[in-house]
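S.K.: compute the structure for the input listed below.
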Amino acid sequence: MGPMSTDEILHRGRSEAIIGASMTVLNTLPLRPGFHEKTYENALAIELRKRGHPIDPQRRFDVR
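M.R.: Next up is the predicted model:
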């Protein structure tokens, strides 16, 4: 398998689902000072779950 061309997207379906859910969140919540990153993170998690995607936000990994 050679290198991907610029037209190929790895995990296209998942990528499109994440982008779509992100756009829904951005079009629903106002972009304004005072909303913390956590607000958007929680909204995105809710939207992805509504679309049937299991997620584990802010998962921790040990780095050694």
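S.K.: the top helix by length along the chain - what's its average pLDDT?
M.R.: Counting residues, the longest helix in the chain under DSSP state H turns out to be helix 12-28. Average pLDDT, helix 12-28: 90.
S.K.: which element follows it toward the C-terminus?
M.R.: Once the chain leaves helix 12-28, the next helix or strand it forms, by DSSP states H and E, is helix 37-50.
S.K.: that following helix to helix 12-28, inter-axis angle?
M.R.: Computed by axes from the mean of the first three to the mean of the last three Cα atoms, to 10 degrees, the angle separating helix 37-50 from helix 12-28 equals 130 degrees.
S.K.: packing partners of helix 37-50?
M.R.: On a contact count with 3 or more Cβ pairs under 8 Å, 6 or more residues apart in numbering; DSSP states H and E, helix 37-50 meets helix 12-28. (Each C-beta comes from the backbone N, C-alpha and C, glycine too.)
S.K.: in the longest helix of the chain, what's buried?
M.R.: Buried positions in helix 12-28, judged by neighbour count with 16 or more other Cβ atoms under 10 Å: 17-18, 21, 24-25.
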